[in-house]
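1. Predicted structure and sequence below. I'll ask about it afterward.
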Amino acid sequence: MLILLLGYVYFRLAGEAYALVSIGLISFAAVAQFAPAMLGGIFWKSGSRRGALAGLAAGFGVWIYTLLLPALARSDWLPRSFLEDGPFGIELLRPLALFGLAGLDQITHAMIWSMMANAGAYVAVSLFDTQSADEHRQASLFVDVFRRDGGGARLWRGTASVPDLHAVLARFLGAEAADALFARYARARGRTWPDRALEADADLVHAVEMQLASAIGASSARIMVAAVAKEEALTIDEVRELLDEASQVVAYSHQLEQKSRELEQATRELQAANERLTELDRMKDDFISTVTHELRTPLTSIRAFAEILLDRPDLDVGERQRFLGIITRETERLTRMINQVLDLAKLESGKAEWTLSEVDVRALIDDAVASTSQLFKEKGIALEARIAPDLPPVAADRDRIMQVLLNLLSNAAKFCDRPDARVRIAARIADGHLRIDVADNGPGISARDRETIFEKFRQVGDTLTAKPQGTGLGLPISRQIIEHFGGHIWVESAPGRGSTFSFTLPLQPPRAGQDQPALAAA
Amino acid sequence: MPHKILIADDEPNIVVSLEFLMKQEGFDVRVAPDGDEALAQMADFAPDLVLLDVMLPRRNGFEVCQEIRAHPEWREAKIVMLTAKGRDIEMQKGLALGADAYITKPFSTKELTARVRKLLGERA
C-alpha cells in the first residue's frame, strides 16, 4: 500500500509528461483492484470467494472501461466520439466523466469508480452468498488473528460456537459445572447466561480447555475443543502425546474399575457382616429373654412357697413338708439351669477347659448306664447296651463325653412314656469313627422339630403341648462338646416311630495336642 | 357365695402355690394347664377373675386375653396377667389387650392377694 501510494505521489510530482509514468499508474490502478478482497479477507469474516471474484471482475471491468478503453480511443483504435459523447451517444457513460463525475484527472476518476464497483460487488455478493464450511473456517482463522486482546490470553487460531463448547464441557464435567463457567464468562462480558448471541473468543475456549484438561488431561482436552472449534490440524507430536495420555487414562480407568469392584465387594461383605451381627444380636436378645424367663420360673415357686411358710407358721406338717420339698427341687432346678447356661456360654466362647485322656468307651458306657439305671427302673423302661468288642480308646474329655451320654439317655427316659418303652445304646466303629447310638421307641420327632432341636431352649413340642421338663440346653451343650472333638451329632426320627440320637468321634482326634491349646495344656 | 378364680398356668409348682393362696383367701378355684383349657373353663366355670400366665401352651395368654375380651358374656371377668418375661413391652401389650393388672414373676404373695382382692372387692 505504502509503495503504491509513494508511486502515486511520485506521479503527481513528476507530472503527466511521462508516458511511462502514465502506464505505471494505470497498472497501479489495476493492482489496486486486489485491495478490497484482501482487506476484506483480513478484517471481514463474512466475505466469500464468489464475492471477492465478483469484486475483482467489477473493478477490472470499470478499470478497462475508464482507463484502457480511453487510451485505445486516443490511439484511434476506437472512434473518438466514444470519449466525447459516450458509447452510443449516452453522455452519462462517458469513460472520462462517468455518471457526470467530471473535473478529476483520469486516474483518480478511474480509481474512484473502479473501487466503488469493486468494493460494492464484493460486499453485495458476499452478503447474499452463503459461505462454504471451508471458507468459514478460513475466514475465522484469518479474522480472529486480531482478536487477541491482552490479559495473557493464549493465542488460539480458531473459533467455536458457544453452545458447542458448552455441550462438550457439560458432557465431561456435568451441566452444572458447565453452566457455572459460562455464567462467569458471560458476566465478565456484561451479559447473562444463557445467551444465544454470546460469542466464543480465545478466553472462553481457553477456559473451557483448562477445565476439560483437569478432568481428561491436556491433550484430550485439546482434541475435544478442536472437535467443536475450527482449528488447524493436530501435528503428529500432538497425536502421539494424545495417545500417551489416552492410554494413561485407560489404565487409570481400569484401576478405578478395579477399585470400584473392590469397594462393591467390601460393601457387600460389610452388609452381610452387619446382617450377621444383627441376627446374632437378635439371638442374644432372645437368649437373654428366654434365660430370664427360665430363671424366673423356679424363682417364682421358691419365693411363693417361702412367703407362704413364713406367713403361716401354723401350717400342718404334711403341707409344710410338701412345700419345702418343692422349694428344694426348684432350687436344684435353678442351680442346674444356671450351671448349664454358664457351661454353654463357656463352650460357645471357647473358654471351656478340657481334660484330654484316653477314654475306654466300654467302661464309659457302663458307667453311664449305671448312673441312669435308677431313672429307667422308676419309669419302667428297658435299657439295653450293645457294645462292639475290642473298641479302641478315643482321645477325649471323659467327663464331657459322659455329660453327652447322660443327656441323651435321660432325654430318652424323659420322652419315652409308653408301656413297652425300650431304649438301646450301641457303640461301634464306622468309617474310622467311633459311633454311638441312643435309640428309643418313643413318640418320635417331627421334621420341623428335628431342625431346631439342637438349638438353645428349643424343646420338642414347645408351646404346642404341655411343657417338657428340662432346661432346653442339654442338646446344644452336647453338640458343642461333640463338635469340639471333631465329631458330629444328629438325630434320625419320624413321628410314632421312635428316635435315634447318634454321634461320632474320630479315633485319631485331628491336630490333637498341636494347635489346640486347651488340649495341649491337658 | 365365694368369688370364682381361674388359674391358667402350665408350671405345676406355681399352680400349687397360686391354688393354695387363692383357697386361703376363700375363693372357689379351678386350674387350666393351657390356653385352650382356659377358654373352655371360661364357658364352663364362668370365673370372676383369671390369673393368666402369658407363656401358655397351645394358645398363649395374650390370645386368651383377647378372646375373653371379645366375648360379650365374659366382659365382666377380671384378668390378671402373670409373666416371667419382665419387659415393659409385654406389660403394655397385656394392658392394651384389656388385662386389668399385670404382675411379673416372681411375685410377692401379699401383693398378689391384695391385688386380686381389690379387683374383686371394688366390684362387689
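-> Looks like it arrived, so ask away.
2. Show me what secondary structure element comes after the strand or helix carrying A:L375.
-> A:L375 belongs to helix A:361-379 when assigned by DSSP states H and E. Beyond helix A:361-379 on the C-terminal side, the first helix or strand identified by DSSP H and E is strand A:382-387.
3. relative to helix A:361-379, how tilted is that next one?
-> Orientation check (axes from the mean of the first three to the mean of the last three C-alpha atoms, to 10 degrees): strand A:382-387 against helix A:361-379 gives 170 degrees.
4. where exactly do the helices run in the stretch 201-350 of chain A?
-> A:202-216, A:218-228, A:236-311, A:317-349 (DSSP state H, counting those that start in this stretch).
5. how about the second one: buried residues?
-> Looking back up the chat, that one is helix A:218-228. Within helix A:218-228, the residues that qualify as buried are A:S219, A:S220, A:A221, A:R222, A:I223, A:M224, A:V225, A:A226, A:V228, counting by 16 or more other C-beta atoms under 10 Å in any protein chain shown. Yep, even glycine has a C-beta here, placed from its N, CA and C like the rest.
6. Then stretch B:8-19?
-> By neighbour count with 16+ other C-beta under 10 Å, stretch B:8-19 contains the buried residues B:A8, B:D9, B:D10, B:E11, B:N13, B:I14, B:V15, B:V16, B:S17, B:L18, B:E19.
7. so can I have TSV of those showing secondary structure, distance to chain A and pLDDT?
-> Below are these laid out as TSV (DSSP: H, G, I helix; E, B strand; the rest coil; distance: C-beta to the nearest C-beta, whole Å; pLDDT from 0 to 100):
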residue	secondary structure	distance to chain A	pLDDT
B:A8	strand	13	93
B:D9	coil	10	92
B:D10	coil	5	88
B:E11	coil	6	89
B:N13	helix	4	91
B:I14	helix	5	93
B:V15	helix	9	94
B:V16	helix	7	94
B:S17	helix	4	94
B:L18	helix	8	95
B:E19	helix	11	94
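8. follow-up on the earlier one: which one of the buried residues of helix A:218-228 sits closest to A:L280?
-> Lowest distance from A:L280 to the buried residues of helix A:218-228 (C-beta to C-beta) belongs to A:S220, with 50.9 Å.
9. Chain B versus that closest one, what's the distance?
-> With distances taken as C-beta to the nearest C-beta, to the nearest Å, A:S220 is found 62 Å from chain B.
10. How much space separates that residue from A:V162?
-> 21 Å (C-beta to C-beta, to the nearest Å).
11. Please apply the same query to A:R276.
-> Distance, A:R276 to A:V162, using C-beta to C-beta: 56 Å.
12. neighbour-wise, which of these two wins?
-> Legend: neighbour count by other C-beta atoms under 10 Å in any protein chain shown for A:R276 and A:V162, higher for A:V162 (22 against 10).
13. Confirm for me that that one is in contact with A:A207.
-> No: at 12.0 Å, A:V162 and A:A207 do not qualify as touching, with contact defined as C-beta atoms under 8 Å.
14. And A:A447, its phi and psi?
-> Main-chain torsions, A:A447, degrees, to the nearest 10: phi -60, psi -40.
15. in the stretch 401-522 of chain A, which segments are predicted with low confidence?
-> Within the stretch 401-522 of chain A, the stretches with pLDDT under 70 are A:457-471, A:509-522.
16. hang on, the earlier thing: take the buried residues of stretch B:8-19 and lay them out in CSV including distance to A:Y252.
-> Output for those, formatted as CSV (distance: C-beta to C-beta, whole Å):
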residue, distance to A:Y252
B:A8, 73
B:D9, 72
B:D10, 70
B:E11, 71
B:N13, 75
B:I14, 73
B:V15, 76
B:V16, 80
B:S17, 78
B:L18, 77
B:E19, 82
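17. Which two among the residues you listed are spaced furthest apart?
-> B:A8 and B:N13 (15.3 Å).
18. Could you check how far B:D10 is from B:L82?
-> Going from B:D10 to B:L82 by C-beta to C-beta gives 11 Å.
19. Name the residues contacting each of the two.
-> Both B:D10 and B:L82 are contacted by B:D53, under the criterion C-beta atoms under 8 Å, 6 or more residues apart in numbering or on different chains.
20. just for chain B, where's the confidence low?
-> In chain B (pLDDT under 70), the answer is B:86, B:122-124.
21. who in it is up against chain A?
-> Within chain B, the positions adjacent to chain A are B:10-11, B:13-14, B:16-18, B:20-21, B:33-34, B:55, B:57-58, B:60, B:84-87, B:104-110 by C-beta under 8 Å from any C-beta of the partner chain.
22. helices and strands around the helix holding A:L375, which ones?
-> With contacts taken as 3 or more C-beta pairs under 8 Å, 6 or more residues apart in numbering or on different chains; DSSP states H and E, helix A:361-379 sits against strand A:382-387, helix A:398-415, strand A:422-430, strand A:433-440.
23. now these as a markdown table including mean neighbour count and distance to chain B?
-> Shown next, in a markdown table, are the helices and strands packed on helix A:361-379 (neighbours: other C-beta atoms under 10 Å in any protein chain shown; distance: least, C-beta to the nearest C-beta, whole Å):
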| stretch | mean neighbour count | distance to chain B |
| --- | --- | --- |
| strand A:382-387 | 14 | 27 |
| helix A:398-415 | 21 | 15 |
| strand A:422-430 | 17 | 25 |
| strand A:433-440 | 21 | 23 |
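24. can the ones you listed go into TSV with extra columns for distance to A:R74?
-> Shown next, in TSV, are these (distance: least, C-beta to C-beta, whole Å):
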stretch	distance to A:R74
strand A:382-387	150
helix A:398-415	140
strand A:422-430	138
strand A:433-440	136
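25. nearest to A:G120, of the ones you listed?
-> Closest among those, using C-beta to C-beta: strand A:433-440, at 113.1 Å.
26. picking up where we left off before, comparing the helices of the stretch 201-350 of chain A by mean pLDDT, which bottoms out?
-> For those, mean pLDDT drops lowest on helix A:218-228, to a mean of 76.
27. Can I get it as CSV, trimmed to CA atoms?
-> Written as CSV, here are the backbone C-alpha positions of helix A:218-228 (Å, rounded to 0.1, in the frame of the first residue of the first chain):
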residue,chain,number,x,y,z
ALA,A,218,-4.4,-31.6,28.4
SER,A,219,-4.1,-33.4,25.1
SER,A,220,-7.6,-35.0,25.3
ALA,A,221,-9.0,-31.6,26.3
ARG,A,222,-7.3,-30.0,23.3
ILE,A,223,-8.7,-32.6,20.9
MET,A,224,-12.2,-32.3,22.4
VAL,A,225,-12.1,-28.5,22.0
ALA,A,226,-10.7,-28.9,18.5
ALA,A,227,-13.5,-31.2,17.6
VAL,A,228,-16.0,-28.4,18.2
